[in-house]
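[1] got a sequence here, can you model it:
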Amino acid sequence: MELTHQLTPMLRTLRLSGVLETLEVRNRQAVEQQSSFVEFLTTLLHDEVERLKQRLDSSRISESKL
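    Sure, this is the predicted structure:
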């Protein structure tokens, strides 16, 4: 997807490169479900928040040596 190539450097600058992992799938879902832009963006950001939480949890577990 050409748009993904344009977004990649911007998302990395904003430290949102995790969005790239779900962007195409979420875009396809939004088209199929005729979601609004706000719904699409909310879903993408939700994915990124969940990814961040998982990364932080993993980091904390590693640090606690459990």
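[2] nearest residue to the middle of this protein?
    Closest to where the C-alpha atoms of the chain average out (C-alpha atoms, centre = their mean) is Val19, at 2.6 Å.
[3] list the buried ones in the top helix by length along the chain?
    Identified as the longest helix of the chain according to DSSP state H is helix 37-64. Buried residues in helix 37-64, counted by 16 or more other C-beta atoms under 10 Å: 40, 43-44, 47-48, 51. C-betas here are computed from N, CA, C, even on glycine.
[4] measure the nearest residue to Thr22 once chain neighbours are set aside to Arg15 for me?
    Using C-beta to C-beta, 6 or more residues apart in numbering and skipping residues adjacent in sequence, the residue nearest Thr22 is Asp47, 4.6 Å away. Using C-beta to C-beta, to the nearest Å, Asp47 is found at 15 Å from Arg15.
[5] below-threshold pLDDT in this protein: ranges please.
    Low-confidence segments of the chain, defined by pLDDT under 70: 1, 66.
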